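Engineer: sequence and predicted model, in that order:
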2 protein chains.
Amino acid sequence: MSTLVQPILLSESEIAELRKEVGRDTLMGKAIAKNIKDVEAFMKLPLEVPGHGEAGGYEHNRHKQNYQYMNLAARLFLITGEDRYGKFVRDLLALYAELYLTFGFHVQKNTNPTGRLFHQILNEHVWLMFTSIAYSCVASSMTEEERQNVIDRLFQPMLDMFVEKYGHDFDRIHNHGIWAVAAVGTCGLAINRPEYLEKSVFGLANNGTGGFLAQISQLFAPSGYYIEGPYYHRYAIRPLCLFAEILHRHRPELDIFNYKDGVIGTTVKALLATAYPNGEFPALNDASRTMGITDIGVQVAVSQYASHYGVDENLLGMAKIQDSVWMHQCGLELSRAYEKASDVGLPFWPSVELNEGPNGDRGAQGFMRVQDKNKDVFQLVMNYGQHGMGHGNFDTLGISYFNRGDEVLREYGFGRWVNVEPKFGGRYLDENKTYARQTIAHNLVTIDETCQNYFDVERADSVHGLPHFFETQSENLVGMSAFANGHFDGFGQQRSVFMFKHDELEAPLLIDLFRLTGEGEHQYDYSHQYEGQIVRTNFEYQAHAELNTLSDELGYRHLWNVAEGEAKDTALVSWLQNNTYYTWLGTSSNDNGKVIFTRSGANDPSFNLRSVPSFILRSKGESTLFASVLETHGYFNEEFEQSVNARGLVQSIEVIGHNAQGSVVSFATDKTRFTLMVSNNPEASKDSTHSVEVAGKTYTWAGYFAVEQETL
Amino acid sequence: MSTLVQPILLSESEIAELRKEVGRDTLMGKAIAKNIKDVEAFMKLPLEVPGHGEAGGYEHNRHKQNYQYMNLAARLFLITGEDRYGKFVRDLLALYAELYLTFGFHVQKNTNPTGRLFHQILNEHVWLMFTSIAYSCVASSMTEEERQNVIDRLFQPMLDMFVEKYGHDFDRIHNHGIWAVAAVGTCGLAINRPEYLEKSVFGLANNGTGGFLAQISQLFAPSGYYIEGPYYHRYAIRPLCLFAEILHRHRPELDIFNYKDGVIGTTVKALLATAYPNGEFPALNDASRTMGITDIGVQVAVSQYASHYGVDENLLGMAKIQDSVWMHQCGLELSRAYEKASDVGLPFWPSVELNEGPNGDRGAQGFMRVQDKNKDVFQLVMNYGQHGMGHGNFDTLGISYFNRGDEVLREYGFGRWVNVEPKFGGRYLDENKTYARQTIAHNLVTIDETCQNYFDVERADSVHGLPHFFETQSENLVGMSAFANGHFDGFGQQRSVFMFKHDELEAPLLIDLFRLTGEGEHQYDYSHQYEGQIVRTNFEYQAHAELNTLSDELGYRHLWNVAEGEAKDTALVSWLQNNTYYTWLGTSSNDNGKVIFTRSGANDPSFNLRSVPSFILRSKGESTLFASVLETHGYFNEEFEQSVNARGLVQSIEVIGHNAQGSVVSFATDKTRFTLMVSNNPEASKDSTHSVEVAGKTYTWAGYFAVEQETL
């Protein structure tokens, strides 16, 4: 069989258009320039194909760099026409062909099958995917003999490994599975073995249970959300987009971008819609705190979305944050649109509730956004969906909150130092289970010092959040509410969170009503992870002269009890984070509140944890309602010695009452008292009228919630 | 007497030239645009002249904003020719004139005399200085009656207060004193009362003991260094530069820029030469960690230096960091030079030793810089000068170290939240004395858990560091050394620090030899404040199950003892800060080392301290030599999941011996053993030959130090 010699992702005319961007001050011009700089630096090193090494170690990284730079150099060979880029790829391919079969398989260390280059075949899939694309770009400059050598001694053995030796894994529906099918299909196309492309698209058995079409049909909820959260989603999005582009070009009859109502566009957009205003992804579900839309996979996704589904202001805003585009025809289209646009601002995605589960009926993730007077975007995220697979966090009804350029109510993120070899090979650390995934490490309520679903994954998989409302129509008050019943034995939980704008306040208030219903006396710990410096409180507290852990329970044993104090009515905790003051006022319907200040790092024998502060409002009793507001105010700049509005305006918050029908709370500034009424009835609809009698008074309102105000 | 009506800092032709920059994309154009934006925003607020308030509170800030925006608006009135800027200044002046005398004097709360607007007259001096300049810009657009009203009811009463009521303070030589004389002189000139200018220049008694000329003659060391360090220096530099410019224009016969061999240029350059490569000032001596050359006073200084002493690459580099210039003729000259220059890089100031004391014989501050292969600047700072006046730190021989964009061996900075009213009115906190100024809070050695000079300011003022050598000629090995004898009763101390470049290493090594000589058995704590995450050690340590303070002593009582372990030979502590790995290897000539990991925050009842980690190498014995290297290596990027060279190359360090003549230490990679020999003889010179017998071997070298290497 003769080998094909054409680039599988770029046509001659596209290459000619890309060439015109070299040296230009456009997003594409900058992308090309940066890639040239990076590739040139790498090409200065001697070629090297190392043997086995540790995950995250030198050899691992070198193989990774090899495919990354082959992938870039091969396209630069086409775009610049300079042969030395092609030679680099040809020589490195020849070296891999010479050595690949001399490497045995790695020794297996965990459940992942091992490759010849990497300790898990996932990385070998990635290697094959990019190397195949690179090969297709330079194949025309190779002799038939050179091509056949690479095919026989490198690509074909890899294909055999993936489809035969590890064939049992090939059809598994999983984010890793997308890499497997995309790699095999891409390589099959590059070496003109269409049967591999068939297997990749339709699965080994060709019965709809495996392959790319099955993956994209089953991996995402109807909303496009991926169960493991944005961090893992962005990892799958790159092969998904690349392989879709390949199918678009080589199997046009599949009409891949319209497949299943445009599932590819839907899932890309769902991923983008989770991002914070600065482009970082919320660290939902056992994830890194630093992953964002500048990730190269997301760059590919944004460029491709722009090309196939259309450009809009928010995509341009994302390209602005990325300050780059995919070095491809799709990226060129985005770059040109960006060039034409004037005055591109930062993105302001609309609020969106992304449903979960194959049928969209296993809860949802809520992403709510409002802007303040200065156009700063406030984003509130609540998890009321599914457990995030095997390594999911136990934090249903957890929230995180972002404004003024940083996360305020914070996710700890995973207990892992990715690729840092001396930190357990860069793998998940024990503390990931014993701290980061525990309920107390999140911004929600822990009952009796245990953990949601008692850290039982199977139990967690059997329940999910129940959406109550997600209302974003009002200019001044938006809110979402959900139930999580059955996550603790014998308990119902409901959380209703709002962002509220009012002329008296410089920024939206976050209002939080967390209701717990159960039998008997229990301990409820309402906790927030924050960052920065405590500025003031309105209660006396004792800083401990020696520090002990909060308790011996999982999660709790990693927290130092730094200080604590009684706070019977409204408890006020104010802190300074970066340039902004935050004042939190909280209370519960029990009258025995205590605030505990903690810091993570206890029982951490290898300094695996970060040292992060939190505060906990602890209340004991039967059913309870926690009510709190978080005010964002003022400005501090140490360098310029500026400090304004260091004290917030909200003075108090009070629970008036709550029952199965509704909750009524009030909070007040010096000038105005606000009363917020919220539906607790899961049967209620947008049109329901509620009438709730609490504290001897009847409160009536239409819809899920209402706010009334009274001048003081 | 008729009033003058001309701007005192700008001529008609200069104004015309500045006008040409409006709307241009130059540093000056950007400065004007930013000032317009800021002033416009402020002018939207109603005019307000509030009564008394707290330091750092609303009223305080409003008065401060009022003079800041009058100062800018008045110049914009001239530059843009738009009268509404002038009107804003005239109206606000009239309002101050109406109200000023109705305000009584503030109630005195500390040793500073109080003003009518501010709680200390320092702020009122500043107010007068800028308001006088603003007045001079708009006076020509006022009626004679309006002018006289402002003079009679505002300026003259202020002058009376400063020169009569508080006349006893007017001639005091102090950084605050520069504001006093500059304000009075500037106002005198603006209202055509030359007698005030005379008093300001020559002092009330006109006998050389006060006034601007005395201040600039006596306030700085011959090197230009200011005793309180760069943070306080930059505060004095603004009135100094402004008033010098005024004298240059109105009293040319003083030839102010050449006065005393150009002391103004010398002290500006000394200030700039302290800055870290990113433009931030090291937090020497009880200072903020965030003050830098972007401070507006330093912008004035850089522009003025460029205008009167000449532009060079480093000044252009500083303008690049500032991304702005002083909105004045001086700034215009710098802006034009910047416009002409191509490819301005970041500054790389030469290493400099700045002597201290009126005669330059009271020690020095050493600022040493080298670049690595990637042109990144490594800066090492050592304090071997004087005690920094009343609020000085007790840290002679302390070091700080900067590379890869951040401080690595860190200064804690002051215990103060500037202008944060709920934090003790923004004033110095108790913890400033009990922690931040104590020896243990710095990067040096604490003996027997006490503090240098036993926290006695008078005692501290009686001693100072003794420079030994400061050698920067060699390309590969630069070093400085100094003694601090008498800072602890009965002890001699010598610290010798080096930066060492070698082909095997990607970055310069920091080498530190800290020698202590005394009688009897003592405890020595060699400590480093770092930031980031501990990655690995080469010794076993125990993380404590409960945390206690390090001891009850001052300084120590604020540190939690987090973990500790025995480390008899070379102790290795490696951490990750931002994107870089650091590995420290340390030992002492005693063989009983123990490493303690600490975190600040104990005995901190109001959360006034930041939570900062440190590690301490503790050794007990008689005289001892601590020897350590700090290797900078590798790269980590969580977002891009990159980690390279997480382990450093240096494997060990060993003290071979030390005596009164010299110290000999060796350290080694896998390939090479290096032997470093250092002079301990205060009588030695550059040309001395040393011969030291230690461990049965004689080591001989020429000059202050030498390194030999041996392939392993």
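Structural biologist: That came through fine.

Engineer: distance between stretch A:224-232 and the chain's centre?
Structural biologist: Taking C-alpha atoms, centre = their mean, to the nearest Å, the mean C-alpha location of stretch A:224-232 is offset from the chain mean by 7 Å.

Engineer: burial count for A:Thr26?
Structural biologist: 16 (other C-beta atoms under 10 Å in any protein chain shown). All C-beta atoms are positioned from the backbone trio N, CA, C, and that covers glycine.

Engineer: wait, it sits on A:Ala337?
Structural biologist: No. A:Thr26 is not in contact with A:Ala337 according to C-beta atoms under 8 Å; the separation is 10.6 Å.

Engineer: check chain A for its longest helix and report it.
Structural biologist: Determined from DSSP state H, the single longest helix within chain A is helix A:58-80.

Engineer: isn't A:Glu566 right up against A:Gln542?
Structural biologist: No. Applying C-beta under 8 Å as the test, A:Glu566 and A:Gln542 come out as separate, 9.9 Å apart.

Engineer: tell me which of these two has more neighbours.
Structural biologist: Ranked by neighbour count (other C-beta under 10 Å), A:Glu566 and A:Gln542 place A:Glu566 first, with 13 against 10.

Engineer: need phi/psi at the more buried one.
Structural biologist: Main-chain dihedrals, A:Glu566, degrees, to the nearest 10: phi -80, psi 140.

Engineer: now for it: which residues touch it?
Structural biologist: Taking C-beta atoms under 8 Å, 6 or more residues apart in numbering or on different chains, we find A:Glu566 in contact with A:Phe539, A:Glu540, A:Gly593, A:Lys594.

Engineer: now, of the residues you listed, which are buried?
Structural biologist: Neighbour-count burial (16 or more other C-beta atoms under 10 Å in any protein chain shown) applied to the contacts of A:Glu566 gives A:Phe539, A:Gly593, A:Lys594.

Engineer: for the stretch 451-600 of chain A, what lies in contact range of chain B?
Structural biologist: Taking C-beta under 8 Å from any C-beta of the partner chain, the part of the stretch 451-600 of chain A that reaches chain B is made up of A:533-536, A:542-543, A:545-549, A:560, A:562-563, A:574, A:576, A:597, A:599.

Engineer: okay, now the unreliable bits of the stretch 351-500 of chain A?
Structural biologist: In the prediction, the stretch 351-500 of chain A carries no residues with pLDDT under 70.

Engineer: re the thing from before, adding pLDDT and secondary structure, write the buried ones among the contacts of A:Glu566 out as JSON lines.
Structural biologist: Below are the buried ones among the contacts of A:Glu566 laid out as JSON lines (pLDDT from 0 to 100; DSSP: H, G, I helix; E, B strand; the rest coil):
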{"residue": "A:Phe539", "pLDDT": "97", "secondary structure": "coil"}
{"residue": "A:Gly593", "pLDDT": "93", "secondary structure": "coil"}
{"residue": "A:Lys594", "pLDDT": "97", "secondary structure": "strand"}
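
Engineer: looking at those residues, spot the one nearest chain B.
Structural biologist: Closest approach to chain B among the buried ones among the contacts of A:Glu566 (C-beta to the nearest C-beta): A:Phe539, at 12.7 Å.

Engineer: wait, what's in contact with that closest one?
Structural biologist: A:Gly565, A:Glu566, A:Ala567, A:Ala571, A:Leu572, A:Val595.

Engineer: can you count the residues close to the closest residue to A:Asn175 other than its chain neighbours?
Structural biologist: If the residues on either side of it in the chain are set aside, A:Asn175 comes closest to A:Ala236, at 3.9 Å by C-beta to C-beta, 6 or more residues apart in numbering or on different chains. Using other C-beta under 10 Å, A:Ala236 has 25 other residues around it.

Engineer: farthest pair in the contacts of A:Glu566?
Structural biologist: Farthest-apart pair in the contacts of A:Glu566 is A:Glu540 and A:Gly593; separation 13.1 Å (C-beta to C-beta).

Engineer: which phi and psi does A:His558 have?
Structural biologist: When read as degrees, to the nearest 10, the backbone of A:His558 gives phi -100, psi 0.

Engineer: in space, what's closest to it - neighbours in sequence excluded?
Structural biologist: Spatial nearest neighbour of A:His558, chain neighbours left out: A:Tyr435 (4.2 Å); criterion: C-beta to C-beta, 6+ apart.

Engineer: quick one: that neighbour and A:Glu553 touch, right?
Structural biologist: No. The criterion here is C-beta under 8 Å, and A:Tyr435 misses it with A:Glu553 at 11.3 Å.

Engineer: which residues in the stretch 501-650 of chain A form strands?
Structural biologist: A:509-517, A:522-529, A:533-537, A:542-549, A:559-566, A:571-577, A:580-588, A:594-600, A:613-621, A:624-633, A:635-637, A:642-644 (DSSP state E, counting those that start in this stretch).

Engineer: neighbouring strands - and their directions - for the longest one?
Structural biologist: According to DSSP bridges, strand A:624-633 forms sheet pairs with strand A:509-517 (antiparallel), strand A:580-588 (antiparallel).

Engineer: including mean pLDDT and mean neighbour count, could those strands go into a markdown table?
Structural biologist: A markdown table is the format used below for those (pLDDT from 0 to 100; neighbours: other C-beta atoms under 10 Å in any protein chain shown):
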| stretch | mean pLDDT | mean neighbour count |
| --- | --- | --- |
| strand A:509-517 | 98 | 24 |
| strand A:580-588 | 97 | 25 |
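
Engineer: how close does the nearest residue in space to A:Leu630 that is not next to it in sequence get to chain B?
Structural biologist: Using C-beta to C-beta, 6+ apart and skipping the chain neighbours, the partner closest in space to A:Leu630 is A:Leu510 (4.1 Å). Per C-beta to the nearest C-beta, to the nearest Å, A:Leu510 is found 21 Å from chain B.

Engineer: my read: A:Leu510 touches A:Val629, true?
Structural biologist: Yes. Using C-beta under 8 Å, A:Leu510 is in contact with A:Val629, at 6.7 Å.

Engineer: is the worst-scoring helix or strand of chain A on mean pLDDT in proximity to chain B?
Structural biologist: None of the helices or strands of chain A scores lower by mean pLDDT, DSSP states H and E than strand A:642-644, at a mean of 83. Yes. Looking at strand A:642-644 against chain B by C-beta under 8 Å from any C-beta, the contacts come from A:Gln642, A:Ser643, A:Val644.

Engineer: fine, thanks again, bye for now.
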